[in-house]
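Asker: The amino acid sequence is not available; the structure is as follows:
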């Protein structure tokens, strides 16, 4: 199957700093990537849809200025958690779509665990 | 909500037993998928069932879909300790702006005791 890489896998930061998480499709081009957030023992919640070359589409209740998404190339999307606070501590997972909008397959990264002190 | 609701939330069984997890949803779907997640890891795709299919098999996995009841079930036969993980159903829906997208159910935490 296709490979999606996330980096870093774990990050610890101080409150008030910004953290960038990268999602790369290693062996295919992905015009669309998705960012999810997962709290302990809970499900994945879709945060936003990242589209290459255009603005991300955010889900209701997700702050655009808080979670900055950039999809500058066909293989890389980044999620920046700005001015992080302890409540932003979570597991962030990206997925990348290979293929078209209707029939494409989705592949998931291994996730990035953010801990804000 | 398009998000699936799963039951049970937690299931503990002995090795060799079968495990059944259920997923119910509220809207029309194009497809439904099941994923597995080991603790603190990413998701592994298990199986996809299309809306015009009623049952699908993959190894020890059996998935059923009842669109009239808006429900799906995942059966793992002859469970092993290595099957211990969280299992999620995911609804595949399509939006004009972003194409296909996945929204996940609440998940079932399966523990298989050796």
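Answerer: Structure received. Predicted, not measured: the structure shown is a model, and the values here were computed from it.
Asker: Give me the below-cutoff pLDDT ranges for chain A.
Answerer: A:1, A:101-103 (pLDDT under 70).
Asker: residue nearest the centroid of it?
Answerer: For chain A, residue A:35 is the residue whose C-alpha lies nearest the centre (C-alpha atoms, centre = their mean; 3.5 Å).
Asker: ok, and the closest non-adjacent residue to that one?
Answerer: residue A:47 (4.6 Å; C-beta to C-beta, 6 or more residues apart in numbering or on different chains). All C-beta atoms are positioned from the backbone trio N, CA, C, and that covers glycine.
Asker: now swap in residue B:6 and tell me
Answerer: Nearest residue to residue B:6, sequence neighbours excluded (C-beta to C-beta, 6+ apart): residue B:105, at 4.4 Å.
Asker: was I right about the one you found contacting residue B:5?
Answerer: Yes: under the criterion of C-beta atoms under 8 Å, residue B:105 is in contact with residue B:5, at a separation of 6.1 Å.
Asker: the more surrounded of those two?
Answerer: Applying other C-beta atoms under 10 Å in any protein chain shown to residue B:105 and residue B:5 shows that residue B:105 carries more neighbours, namely 26 against 16.
Asker: What segments of chain A are helices?
Answerer: Defined through DSSP state H, the helices belonging to chain A form an empty list.
Asker: Give me every residue in it lying close to chain B.
Answerer: Counting by C-beta under 8 Å from any C-beta of the partner chain, chain A comes close to chain B at A:1, A:6, A:32, A:34, A:36, A:41-46, A:49, A:51, A:57, A:91, A:93, A:95, A:97, A:100-104, A:106, A:108-111, A:113.
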